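> sequence first, then the predicted structure, then my questions.
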Amino acid sequence: MKDFVSIIAPIVGSVLGYAAAKLERRGNDIDLSREIKKGVKDNESLRIENSNLQIEINNLKEELKDLRADNKNMRDEIRHIKKELTNGKS
């Protein structure tokens, strides 16, 4: 019986060690898979946020163009009023 145990014990130990290593690897693969999925979701969220920010930047650029045009029109109007006032005084 001792001989049987001494022969079987290393084999059982090797099999159990192999199974444990395989389970650990599978666990690591599952953790890695979760991290990849989380990274993909984070990346998608960042893409959406980036897209929204780009839209906002474009809207602000258009608003800035409008404000510059308004500013130019007001300066032209002020010049015109000054011209009328100086012509009216002479």
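On my side now, so go ahead. Small disclaimer: the values here were computed from a predicted structure and weren't measured. Numbers count the residues shown, from 1 in each chain.
> burial of residue 70, as a residue count?
Neighbour count for residue 70, taken as other Cβ atoms under 10 Å: 10. Bear in mind the C-beta positions are built from the backbone N, C-alpha and C, glycine included.
> also residue 73?
Other residues lying near residue 73 total 10 when counted by other Cβ under 10 Å.
> state the mean pLDDT of stretch 69-76.
The average pLDDT for stretch 69-76 rounds to 96.
> residue contacts, residue 65?
Contact analysis of residue 65 by Cβ atoms under 8 Å, 6 or more residues apart in numbering lists nothing.
> and the gap between it and residue 72?
From residue 65 over to residue 72 the distance is 11 Å, taken as Cβ to Cβ, to the nearest Å.
> which stretches of this protein form helices?
Counting by DSSP state H, the chain has helices at residues 2-89.
> centroid-nearest residue for it?
For the chain, the residue sitting closest to the mean C-alpha position, by Cα atoms, centre = their mean, is residue 46 at 2.0 Å.
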